[in-house]
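Asks: Everything below, folded, please.
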Amino acid sequence: MEKINLNKRTVSGTLLKAIVWHPVAKETIRNFSEEVRVKVGYLLHLLQKGESLQMPQSRT
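Replies: Model prediction:
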């Protein structure tokens, strides 16, 4: 069985983990305000880099 690498590297060489979206979650996030989408995007990027979220972001 062939393995598929879902990770990708940024221009700076940082390895990012892939995001596997649930279709409902992705559509729900699209309906959020721009401010919330930007914050969610930033937090997802931190998780992709392998960082852990701290309170309160880890509980929201």
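Asks: mind listing what Leu47 touches?
Replies: Counting by CB atoms under 8 Å, 6 or more residues apart in numbering, Leu47 touches 17, 53. All C-beta spots, glycine's among them, are computed from the backbone N, C-alpha and C.
Asks: any idea whether it is helix, strand or coil?
Replies: helix (DSSP: H, G, I helix; E, B strand; the rest coil).
Asks: which residue is nearest the middle of the chain?
Replies: Centroid-nearest residue in the chain, with CA atoms, centre = their mean: Leu44, separated by 2.8 Å.
Asks: how about the nearest residue to that one, chain neighbours excluded?
Replies: What sits nearest to Leu44 in space, not counting adjacent residues and going by CB to CB, 6 or more residues apart in numbering, is Ile19, at 6.2 Å.
Asks: Ok, Leu16 next?
Replies: Leaving out its chain neighbours, the residue that sits closest to Leu16 by CB to CB, 6+ apart is Gln48, at 4.2 Å.
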